[in-house]
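Chemist: Sequence and predicted structure, then a few things I'm wondering about:
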Amino acid sequence: MIRPHPQPRRGSTAAFTLVEIAIAIGILAVSLVALMGMLPAGMSNFRKAMDISITAQIAQRLMHDMEQAEFNEVVDLVHLPPDSTGYCPPHYSFRAPKVDAPALRYFDGQGEEVIPKGPVPNDAEKKVIVYHVNIRIIPRAELPTINEAASQVAQVTVQVARTGGNRDIPILTGKDSDPNLPERNLFMKANGVTILTYPALLGKTQGK
């Protein structure tokens, strides 16, 4: 006896209705909009974290350079006036003593130093420079303990600034400020410029 083939049941194939598809697309769209809104904040936080990491590496490297150098060279002892009343000699940095303006050092986005071929960076060098570094030296740091040791200790301040467009950052110099101001020879605040400051004390060791 031949049995007839069973007829397929209607509705046995699973499917989505247009309403369900529209709801799913709406939920996906809302989620994507929320995620896109978080991207700028996430990128900004990532950039800040990278800046902190790279600037810390730059400051550590420069501090190491000064620790390895002769102390008398760091404080420019040959040209240092005997009077210790001045808080900070005008226009002095470890890189270039006795210059008309504090000399800066430059680094790219990876923390590698960019050494200009001339007195100031040219256009090609400016394209790769990301960080401007200002090093301020106070040869005779004021210590809260023994005053006699002040001449053997220098206060070092390393400032690393990230500036958009590689524009110049103003520096508070002796020409337009009281020489006893703590901010003397340091970067001034400017819009769009992130400045991280790393202070330290550098002491003279025997034979240096």
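Modeler: Nice, I can see it. Numbers count the residues shown, from 1 in each chain.
Chemist: which stretches of the protein form strands?
Modeler: 104-107, 113-114, 131-138, 153-163, 193-203 (DSSP state E).
Chemist: For this protein, which residues score under the pLDDT cut-off?
Modeler: Low-confidence segments of the chain, defined by pLDDT under 70: 1-16, 37-43, 81-102, 142-151, 164-165, 174-180, 206-208.
Chemist: The longest helix along the chain to strand 193-203, inter-axis angle?
Modeler: Looking across the chain with DSSP state H, the single longest helix is helix 18-68. Relative orientation of helix 18-68 and strand 193-203, computed by axes from the mean of the first three to the mean of the last three CA atoms, to 10 degrees: 30 degrees.
Chemist: nearest to residue 72, of the strands of the chain?
Modeler: For residue 72, the closest of these is strand 153-163, at 10.3 Å, according to CB to CB. For the C-beta atoms, the positions are set from N, CA and C on the backbone; glycine is no exception.
Chemist: strand partners of the closest one, parallel vs antiparallel please.
Modeler: Sheet pairing for strand 153-163, assigned by DSSP bridges, gives strand 131-138 (antiparallel), strand 193-203 (antiparallel).
Chemist: I would like the residues contacting the first one, please.
Modeler: Looking back up the chat, that one is strand 131-138. The contact list for strand 131-138 (CB atoms under 8 Å, 6 or more residues apart in numbering) reads 54-55, 58, 62, 66, 74-76, 87-88, 92-95, 102, 104-109, 111, 154-163, 169, 171, 184-187.
Chemist: re the thing from before, how about the strands of the chain, which one is nearest residue 23?
Modeler: strand 193-203 (44.8 Å).
Chemist: what does the closest one contact?
Modeler: 48, 51-52, 55-56, 59, 63, 66-67, 71, 74, 141, 152-164, 169, 186-187, 189.
Chemist: and it, which residues are buried?
Modeler: By neighbour count on 16 or more other CB atoms under 10 Å, the buried set for strand 193-203 is 193-196, 198, 202.
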